[in-house]
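[1] Fold the following and give me the result.
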Amino acid sequence: MDILDNIQIKSKIKRMAYQVIESNFDNDIIYLLGINNNGYNFAKILEKKLKSISDKKIKIARLTIKTKNPIEEEVKLDIKKNELNNQSLVIVDDVANTGSSILCHESADGYIASKGGNRGAYR
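    As a prediction, this is how the structure comes out:
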C-alpha cells in the first residue's frame with residue numbers, strides 16, 4: 001500500500017470533486033451524505049472543493065450506520081428524508097479502516113429506496 005503525500009491527496013480530492021460535478025451536471029443540488037464521523041469529515045473536505053470549482057448548491061448530511069452490524073440496524077440521517085426524494089446523492093466514506101462500510105452502502109441503498117429514493121441512483 002502506497003502512502004500519498006499532501007500534494008497527491010489534494011490532487012485526488014480535486015479529481016473526485018470534478019467527477020462529482022461531471023456526473024451530476026444536470027442536477028441543481030448535490031447532496032453529500034457522509035457515513036459516520038470519518039465519512040462526514042471527508043464530505044466536508046469534498047464540499048469545500050466542490051464549492052471552489054462550481055456554483056452548484058451542495059448540501060451535506062451525516063449518514064449514521066452501525067458498521068459492526070450494518071444490515072440489522074436502521075440507517076439514520078441528520079436531514080429530512082423527504083428532502084432527498086429524486087435528488088442526486090453522493091455517499092461519502094473513508095476507506096482507511098476496514099472497508100466494512102461496503103455492507104453499509106448496501107444497507108443505506110435499501111433504506112433510501114424504502115423512503116422513496118431511487119435504489120442505486122447515487123452510484
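[2] Let's see the pLDDT reported for Leu84.
    Looking at Leu84, its pLDDT reads 88.
[3] Tally up the residues packed near it, please.
    Counted with other CB atoms under 10 Å, the neighbours of Leu84 add up to 20. For every residue, glycine as well, the C-beta is placed using N, CA and C.
[4] cool, and Lys76?
    Other residues lying near Lys76 total 12 when counted by other CB under 10 Å.
[5] Next: Ile65.
    For Ile65, the neighbour count with other CB under 10 Å is 24.
[6] Does it touch Val75 like I think?
    Yes - with contact defined as CB atoms under 8 Å, Ile65 and Val75 form a contacting pair (5.4 Å).
[7] Tell me the secondary structure at the nearest residue to Ile13 once chain neighbours are set aside.
    Excluding the flanking residues, the one nearest Ile13 by CB to CB, 6 or more residues apart in numbering is Lys49, at 5.5 Å. Judged by DSSP: H, G, I helix; E, B strand; the rest coil, the three-state class of Lys49 is helix.
[8] Could you tell me whether Leu32 really is in a strand?
    Yes - counting by three-state DSSP, Leu32 falls inside a strand.
[9] where along this protein do the helices fall?
    Using DSSP state H, the helices of the chain run over residues 6-23, 36-53, 101-114.
[10] Using JSON lines, lay out those helices together with mean neighbour count.
    Formatted as JSON lines, those follow (neighbours: other CB atoms under 10 Å):
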{"stretch": "helix 6-23", "mean neighbour count": "13"}
{"stretch": "helix 36-53", "mean neighbour count": "17"}
{"stretch": "helix 101-114", "mean neighbour count": "18"}
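[11] ok, Lys76 touching Thr64?
    Yes - look at Lys76 against Thr64 with CB under 8 Å: they come within range, at 4.2 Å.
[12] So which of the helices of the chain is nearest Gln87?
    Closest to Gln87 of these is helix 101-114 (CB to CB; 10.0 Å).
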